[in-house]
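With the sequence up front, the predicted model follows.
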12 protein chains.
Amino acid sequence: MDEHYYQSDEYIVIKAIGSPVQIIGLTRGDSTKPHHTENLDKNEVFVMQFTEKTSAIKVRGKAEIYTRHGVVTSGE
Amino acid sequence: MDEHYYQSDEYIVIKAIGSPVQIIGLTRGDSTKPHHTENLDKNEVFVMQFTEKTSAIKVRGKAEIYTRHGVVTSGE
Amino acid sequence: MDEHYYQSDEYIVIKAIGSPVQIIGLTRGDSTKPHHTENLDKNEVFVMQFTEKTSAIKVRGKAEIYTRHGVVTSGE
Amino acid sequence: MDEHYYQSDEYIVIKAIGSPVQIIGLTRGDSTKPHHTENLDKNEVFVMQFTEKTSAIKVRGKAEIYTRHGVVTSGE
Amino acid sequence: MDEHYYQSDEYIVIKAIGSPVQIIGLTRGDSTKPHHTENLDKNEVFVMQFTEKTSAIKVRGKAEIYTRHGVVTSGE
Amino acid sequence: MDEHYYQSDEYIVIKAIGSPVQIIGLTRGDSTKPHHTENLDKNEVFVMQFTEKTSAIKVRGKAEIYTRHGVVTSGE
Amino acid sequence: MDEHYYQSDEYIVIKAIGSPVQIIGLTRGDSTKPHHTENLDKNEVFVMQFTEKTSAIKVRGKAEIYTRHGVVTSGE
Amino acid sequence: MDEHYYQSDEYIVIKAIGSPVQIIGLTRGDSTKPHHTENLDKNEVFVMQFTEKTSAIKVRGKAEIYTRHGVVTSGE
Amino acid sequence: MDEHYYQSDEYIVIKAIGSPVQIIGLTRGDSTKPHHTENLDKNEVFVMQFTEKTSAIKVRGKAEIYTRHGVVTSGE
Amino acid sequence: MDEHYYQSDEYIVIKAIGSPVQIIGLTRGDSTKPHHTENLDKNEVFVMQFTEKTSAIKVRGKAEIYTRHGVVTSGE
Amino acid sequence: MDEHYYQSDEYIVIKAIGSPVQIIGLTRGDSTKPHHTENLDKNEVFVMQFTEKTSAIKVRGKAEIYTRHGVVTSGE
Amino acid sequence: MDEHYYQSDEYIVIKAIGSPVQIIGLTRGDSTKPHHTENLDKNEVFVMQFTEKTSAIKVRGKAEIYTRHGVVTSGE
């Protein structure tokens, strides 16, 4: 493992308004590729952090995404 | 154990409005998979931190989730 | 003991409105399991921190829980 | 003694409104058990910190408890 | 790997208003060149951090970009 | 002496409204016991810090106690 | 590479209002010279950080530049 | 001397309204005892810090004491 | 190179209102002398940091200079 | 010299309203005794820091003392 | 060179209102003497930092000086 | 030279309203004595820091002194 460790207490909150909602975590490292897909059913809520593994998140489907820059809605 | 230790004093608060409510902790490490499921009965409250083990949380069932980005409700 | 030590000055306050109120501390480590149950009688107040041992808290019974995200009530 | 030392300048203030008021300090370590009980008579005030020894405090009897999350009253 | 590690908990949020939206990550190092292109379909949301790899981001296509300096729209 | 040293610039202020007022310092260490009693006459003011020695303070008699959580009065 | 590493989580946002817009990065080191030119077409948005390589940025053409000191427009 | 050094930039201000005013510094160490008495005449002002030596201050006589918790008057 | 490295995330923004505008960087070291002159044409914008090399900046010609102390205009 | 060095960027400002005004610096160390007396004539201003040497300041004579706790006047 | 390095991201901004304006940098070290004089013509703007070399600045001639304590005008 | 180095980015601003104005720097060390006198003519402005050398400043003559505690005028 790398000597340096990504550490942050920041998190975002995602609420599925429709179904399915896909939350795709993309890798932090030399390449940026999906490493995990979380599927949410309608009205499920997901609270997640950026980690040493994850530096980007894609959200597909109808959802509300609560962030430090406000609430953003995905999906139609 | 890893030389680096995740440390944060942040926490979220989850109140079960219906029953059952499932709170699923997902792992921080190389893979993102469930490692713990906490079941709440109606009106129980759960206060939890992100830890070295847990970097994501899924909430199923009717609940209020109190976070730094506001209060989000899960469930129908 | 682990070389790393969880340290935070954050605390939450729990007031029992009914009786009994159970406050269950869950472990921070590899598994998340109850390690302590504190029973409160009506109108008793409990002030507690997250510790190296405790990273989650479940509250059962009628109580007011004072946190950094506001006051949450448990119990019916 | 442990190489790590709990350190915080936070404190809470407890005023006994009735008598007796019991302030019970519980241990931070592997087990959570009472290690000290302070008895207050009516109108006495107690100012206390969390310490390496104490990570939880139970208050019994009629009192006002001044904390970072506001003032909470114990006792009937 | 370099002894120094870029670390920040800052992130931006990009919502595709039209389709396609291209998010192009450019390298931090000696040269500034594209290393990753993420394609978003309409209404998908992308949350991303600057990393050791990425120090600039270009957005093409109709999108809302939520940042610490406000919300900026791309595309016509 | 312990290798770790308690350090804080926080202090509280106590004004004796009646006489006598007793300010009792309790020890931080393994046991919590009185180690010093300061007696104030009416209208004397005492400004004090938590120290490596003192982690709790009991006030008896009529006094105003100025703290970070507001002003609390002791005594009838 | 230098033992010291420039690190900041600050960034600016540039939106091309006209076309072409040129964003020229200038070197931090002993001399200040262009090392990269990014061309934006109308309505493209560029989010960029200062880096170990870049300590100055010139913007040519009609653009809005979002910064910690407000929004500045370039171009006629 | 101890390897640890108390350090704070906090100070309080004491103005003698009557005469005499006594400002008594008490020791930080294992015992809490007076180590210095400063006498103020009417309308003299004393600005003082907590130090490695002093962790408590008693004020006798008519004075205004300016602190981070507000202005407290001593003396009748 | 010096063992110490100047590091700041502060920057200023300069917009040329007239033409030409000269931005002259002066050296931080033992002597204060120009080491770089950047010429801006009308409506070009320059965003720049203080660096290990540059500790002073002179602006000649009609420009708006956005700083932490407000917006200052140069030129007649 | 002690291995630890007192360091603070705090300062107070003293304006002589009458004449003479005496500003007496008292020592930080094991004993608290005057080590310097500065005499101000009417309308002179003195700006001073606490230092490794000085941890208390007495002001005699008619003066305005500007501090972090407000403006205090000395002298009749 | 000294092992310690002065470092600050603070700066001041000086606008020449008349001509000539002289900005004289004085040395930080054992003696305080001019080491650099910058001459500004009317309407030129100078942005400058305190450095390891410069700890005081004198401004002669009609100018506006933008600082953390407000805007001060020099000259008649 | 001492192993510890005084470092602060704080500064004060002095504007001469009359002439002459004397700014006298006094030494930080074991004794407090003048080490530098700066003379200002009417309407000159002096911006200065506390340094390893200077821990007190006396101002004589008619001047405005801009500080973190407000603006103080010296001289009649």
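That came in fine, so what should we check first? Keep in mind that this is a model prediction, so the values were computed, not measured.

Could you tell me the model confidence score at the residue in chain A that chain I sits nearest to?
Taking CB to the nearest CB, chain I has its nearest neighbour within chain A at residue A:8, 17.5 Å off. All C-beta spots, glycine's among them, are computed from the backbone N, C-alpha and C. Listed pLDDT for residue A:8 reads 90.

wait, residue A:39 sits on residue A:22?
Yes: shown here, residue A:39 and residue A:22 form a contact pair, counting by CB atoms under 8 Å, at 5.9 Å.

ok, the residue lying closest to the residue of chain A closest to chain I once chain neighbours are set aside - contacts?
Excluding its sequence neighbours, the residue lying closest to residue A:8 (CB to CB, 6 or more residues apart in numbering or on different chains) is residue E:9, at 3.6 Å. By CB atoms under 8 Å, 6 or more residues apart in numbering or on different chains, the contact list for residue E:9 reads A:8-10, A:50, E:49, G:9.

one more time with 10 Å, if that's ok
Contacts for residue E:9 were tallied using CB atoms under 10 Å, 6 or more residues apart in numbering or on different chains; they are A:6-11, A:49-50, A:68, E:49, G:9.

what do you get for residue A:21?
By CB under 10 Å, 6+ apart, the contact set of residue A:21 is A:14-15, A:38-42, A:44, A:46, A:59-64, A:74-75.

quick one, phi/psi of it?
Main-chain dihedrals, residue A:21, degrees, to the nearest 10: phi -120, psi 130.

One more: residue A:32?
phi -110, psi 100.

so it makes contact with residue E:53?
Yes: with contact defined as CB atoms under 10 Å, residue A:32 counts as touching residue E:53 (7.7 Å).

helix or strand for residue A:71, which one?
Per DSSP states H and E: residue A:71 is located in strand A:70-74.

shared neighbours of residue A:39 and residue A:22, which are they?
Common neighbours of residue A:39 and residue A:22 (CB under 10 Å, 6+ apart) are A:16, A:60-61.

name the element the residue nearest the centre of chain A belongs to?
The centroid of chain A falls nearest to residue A:57 when counting by CA atoms, centre = their mean (4.1 Å). Element membership for residue A:57 (DSSP H and E) is strand A:54-60.

Next secondary structure after that strand?
Note on strand A:54-60: by DSSP H and E, the next helix or strand toward the C-terminus is strand A:63-67.

I'd like to know how far residue A:59 sits from residue A:24.
Using CB to CB, to the nearest Å, residue A:59 is found at 8 Å from residue A:24.

Now do the shared contacts for the two.
A:38, E:44, E:46.

backbone phi and psi for the second one, please?
Note on residue E:44: backbone dihedrals following degrees, to the nearest 10 are phi -80, psi 150.

what's the closest non-adjacent residue to it?
Here the residue nearest residue E:44, using CB to CB, 6+ apart, is residue E:16, at 5.0 Å.

try residue A:24
Of all residues beyond its chain neighbours, the one nearest residue A:24 is residue A:58 (4.4 Å), with distances taken as CB to CB, 6+ apart.

between the shared contacts of residue A:39 and residue A:22, which is closest to residue B:28?
residue A:16 (22.3 Å; CB to CB).

Next, count neighbours for the closest one.
Applying other CB atoms under 10 Å in any protein chain shown, we find 25 residues neighbouring residue A:16.

wait, what's in contact with it?
Contacts of residue A:16 (CB under 10 Å, 6+ apart): A:22-23, A:39-46, A:59, A:61-64, A:74-75, B:74.

same thing with residue A:28?
By CB under 10 Å, 6+ apart, the contact set of residue A:28 is A:6, A:35, A:50-56, E:49, E:51-54.

Tell me the pLDDT of the residue nearest to residue A:24.
pLDDT for residue A:58: 98.

Distance check, it against chain L.
Per CB to the nearest CB, to the nearest Å, residue A:58 is found 42 Å from chain L.

same deal with residue A:70?
34 Å.

go on, residue A:9?
28 Å.

Dihedrals phi and psi, that residue?
The phi/psi pair for residue A:9 (degrees, to the nearest 10) reads phi -100, psi 10.

go on, residue A:14?
Dihedral angles (degrees, to the nearest 10) for residue A:14: phi -120, psi 130.

Need the three-state assignment for the closest residue to it other than its chain neighbours.
With sequence-adjacent residues excluded and distances taken as CB to CB, 6+ apart, residue A:14 is closest to residue A:46, at 4.6 Å. Classification of residue A:46 using DSSP: H, G, I helix; E, B strand; the rest coil returns strand.
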